[in-house]
Every structure is written in C-alpha cells, then in structure tokens.
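Student: Curious how this folds, go ahead:
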Amino acid sequence: MSITLKSNEDKFSGIPVFKNVVGELNSQVENTNNLLIQVEAIPSQTSGNKKVARTELIAITLKVSNVAKVYAYMKKDENLGNFLICSESALASKMRQQELLSYSKSLDKKIMPILSELAEYGVTEELKSELTKEISEFEILLTEPRQLISERKTTNELIEEQIDKTYKLLINQLDPLMELFIDDKEFYLAYKSARMIVDPAKRKKVEEENV
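Tutor: Take a look at the predicted model:
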C-alpha cells in the first residue's frame with residue numbers, strides 16, 4: 001500500500017486533501033511499526049534466576065535471624081524471640097515465596113531500631129545492607145513477570161487500536177478519494193490490488209470477534 005502510494009506521489013501531490021490523508025496514513029503506519037518493535041523488545045522472561053535469588057535471600061535471612069535470636073534471648077525480648085524463624089527448612093521448604101519475602105521484610109524492619117545493639121552480636125551495617133539488597137532483588141523477580149505480562153497486554157491493545165484506526169482511515173477517506181483516479185488504470189488497479197491484501201486480514205479479525 002505505502003509503496004504504491006509513494007511511487008504515484010506525483011499524481012496526487014497537487015490535491016491537498018488526498019496528500020493530507022496519505023500523510024496521516026503514513027504516520028499511523030509508522031506508529032504501528034513502532035509499537036510492534038516495542039512489543040518485540042519486551043522480555044519473554046525475567047532477567048534473573050528466581051531460584052538463586054531465593055536461596056541467597058534464605059541464607060542472609062537465616063544468618064540475621066540466628067544472631068537476632070541470641071540478642072532476643074540475652075535481652076529477654078520475648079516478642080522478638082517469638083517472631084524469629086531460625087530453621088532453614090522452615091524458610092526453604094515450608095514458606096511460599098511471598099511468605100518468605102514478607103518475613104524477610106518484617107525482619108529487616110524489626111532490626112532497624114536496634115541495629116546498633118545488634119552490631120555487638122555481629123549484625124553489621126554491611127550485613128543489614130545485604131539483607132535489604134537480597135529482599136529487593138527477590139521482590140523484583142516476583143513482581144517482574146506480572147509487569148511484563150501487563151506491559152505486553154497493554155502494547156498489544158494499542159496495536160489493535162492503531163490497526164483499527166488505520167483501517168477506518170482507508171475505508172472512510174482514502175478509498176473514496178481514490179475514485180478521483182478511476183481513469184488512471186495503472187494507479188487505480190495497483191491501489192485496489194494492495195487493498196485486497198489488507199482486507200482479508202481485517203475480515204478475519206472481525207469474524208473472530210463475532211464468534
């Protein structure tokens with residue numbers, strides 16, 4: 001379609017309304033192509049290894065929990081002691097991914113006010129920073145798939161809207177304007193041939209929507 005119009009540009013360049021519609025068509029085609037490139041660029045899977053990230057989060061969470069358990073015992077802090085989970089099997093096998101994340105985030109929050117005291121038992125700021133980092137990385141891997149699916153869905157919907165907009169431009173404006181060139185058999189028939197390529201795909205889409 002675009003090639004046919006481009007090769008016959010000199011024939012309609014003196015007809016402002018026709019030229020404007022072709023310009024709009026080209027703009028819409030470019031927008032569609034950009035969206036297609038955009039959706040192709042969306043990763044099909046997450047950028048990290050969730051299993052590795054989970055293992056690393058469990059390791060640092062368990063390490064901090066064990067130190068905090070000793071602190072809670074020495075300080076007779078029953079609330080903290082009852083909260084803490086110091087079993088690797090409990091963290092690795094019994095907790096779902098979201099439960100592990102929730103516990104680690106709660107642990108990170110609970111130790112913040114007593115970090116200076118915990119430092120005497122071995123929880124340094126570096127260890128605390130490592131816990132925060134592993135929490136963040138694991139959380140990203142949990143939410144990233146949903147974000148990618150949502151982004152891909154939104155972009156595909158925009159593509160559909162753009163295709164519909166372009167098709168309406170063809171049938172409501174460009175098709176009628178082509179009647180100005182009905183006596184130019186070469187241009188007119190080339191355009192009609194190009195339109196026959198466009199129409200079946202649209203008809204198939206309409207039929208699918210009506211099923």
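Student: need the next SSE after whichever strand or helix holds L169, C-terminal direction.
Tutor: Using DSSP states H and E, L169 sits in helix 125-169. As assigned by DSSP H and E, the chain's next helix or strand after helix 125-169 is helix 175-177.
Student: Let me know the average pLDDT across the helix holding L169.
Tutor: Mean per-residue pLDDT for helix 125-169: 87.
Student: for the residue lying farthest from the centre of the chain, helix, strand, or coil?
Tutor: Here the centre of the chain is the reference, and by CA atoms, centre = their mean the most remote residue is D183, at 50.0 Å. Put simply, D183 is coil when judged by DSSP: H, G, I helix; E, B strand; the rest coil.
Student: Show me the domain layout of the chain.
Tutor: What automatic domain parsing lists as the domains of the chain is 2-44+147-210, 50-144.
Student: so what's the residue farthest from the centre of the chain scoring on pLDDT?
Tutor: 94.
Student: ok, it - contacts?
Tutor: With contacts taken as CB atoms under 8 Å, 6 or more residues apart in numbering, D183 has no neighbouring residues. C-beta: built from backbone N, CA, C; applies to glycine.
Student: where does it fall, phi/psi-wise?
Tutor: D183 has phi and psi values of phi -90, psi -10 when expressed as degrees, to the nearest 10.
Student: quick one: which helix or strand includes Y71?
Tutor: Using DSSP H and E, Y71 falls in helix 50-74.
Student: Tell me the helices and strands packed up against whatever helix or strand comes next after that helix.
Tutor: On the C-terminal side of helix 50-74, the nearest following helix or strand under DSSP H and E is helix 78-83. Packed against helix 78-83 by the contact rule (3 or more CB pairs under 8 Å, 6 or more residues apart in numbering; DSSP states H and E) you find helix 50-74, helix 97-111.
Student: Among the ones you listed, which comes closest to A194?
Tutor: Among the helices and strands packed on helix 78-83, the nearest to A194 by CB to CB is helix 50-74 (47.9 Å).
Student: Quick check: mean pLDDT of the closest one?
Tutor: Mean predicted confidence for helix 50-74 is 94.
Student: Could you name the helices and strands sitting against that helix?
Tutor: In terms of contacts (3+ CB pairs under 8 Å, 6+ apart), helix 50-74 is packed against helix 78-83, helix 97-111, helix 115-118, helix 125-169.
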